[in-house]
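[1] quick check, what structure comes out for this input:
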Amino acid sequence: MVGEGRADLECGNTTPTLSRMKSVDFSNLIFVDASGFLVRGDARIGRAAELGGKRIAVIAGTTNEASLERALKQHSIAATVVKVREAGEAVALLESGGADAFAGDKLKLVGAAAQARDPKVFVLLPDDLSFEPYAFALPRNDTAMRATVNGALGEVFRSPELDRIFARWFGTLGRPSQLLGSMYLLSITPE
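    Below is the predicted model of the structure:
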């Protein structure tokens, strides 16, 4: 929608990529995550290397899909990739046995599991599939808009408001990691 001029700003878990930069610009980074795998605890899968012969759900068209395909090929893991439209569909496949794993951004995986009928049956594997920085998508070549958005982000990143926002949405996960804290500092554009 931003690329088509139907929206001025996209605020989501969007990774800035070179291909996406052909149609939109991006703000400074707003968050960093890693993608990984969600599995059922009773599946006896403890590492990504154990996914050979399994069915892995992934949201089609995402950076996670590309990272999954690359990782499977790189590590010679023969698994079936099941493309889904959204996280709820992938969790339903995990619950029903239609998939053995769900590949996605770890924060999104935790959120998707929390929405399941019984969140306690799911386990996040320790492996990182990819690094996923997030930024806001903005209209291309609108430097005034980008400066305004980055200025507002910088104000939040240097203020006590950042701790309140983090506590509200991620309180159970503790404080931001050192990597995330460093990203916030590096995303402050001086006046």
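[2] so, low pLDDT: which residues of this structure?
    Scanning the chain for pLDDT under 70 picks out 171-176.
[3] could I get the full set of strands for it?
    All strands of the chain, identified by DSSP state E, fall at 25-40, 55-59, 80-84, 101-105, 122-124, 130-138.
[4] now for these, which one comes closest to residue 73?
    strand 80-84 (11.0 Å; C-beta to C-beta). For every residue, glycine as well, the C-beta is placed using N, CA and C.
[5] centre of the chain to the closest one, how far?
    Mean-position distance between strand 80-84 and its chain equals 18 Å (C-alpha atoms, centre = their mean, to the nearest Å).
[6] tilt between it and strand 101-105?
    Interaxial angle of strand 80-84 relative to strand 101-105 (axes from the mean of the first three to the mean of the last three C-alpha atoms, to 10 degrees): 60 degrees.
[7] got the CA coordinates for strand 80-84 in PDB?
    Listed next in PDB are the C-alpha coordinates belonging to strand 80-84 (Å, rounded to 0.1, in the frame of the first residue of the first chain):
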ATOM      1  CA  THR A  80       8.800 -30.300   2.900                       C
ATOM      2  CA  VAL A  81       8.000 -26.500   3.000                       C
ATOM      3  CA  VAL A  82       4.300 -25.800   3.600                       C
ATOM      4  CA  LYS A  83       3.500 -22.300   2.600                       C
ATOM      5  CA  VAL A  84       0.700 -20.600   4.600                       C
END
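[8] name the helices or strands packed onto that strand?
    With contacts defined as 3 or more C-beta pairs under 8 Å, 6 or more residues apart in numbering; DSSP states H and E, the packing partners of strand 80-84 are strand 55-59, helix 63-74, helix 87-96.
[9] neighbours around the closest residue to residue 123 other than its chain neighbours, how many?
    Leaving aside its sequence neighbours, residue 123 sits nearest to residue 41 (C-beta to C-beta, 6 or more residues apart in numbering; 4.6 Å). Residue 41: 10 surrounding residues under other C-beta atoms under 10 Å.
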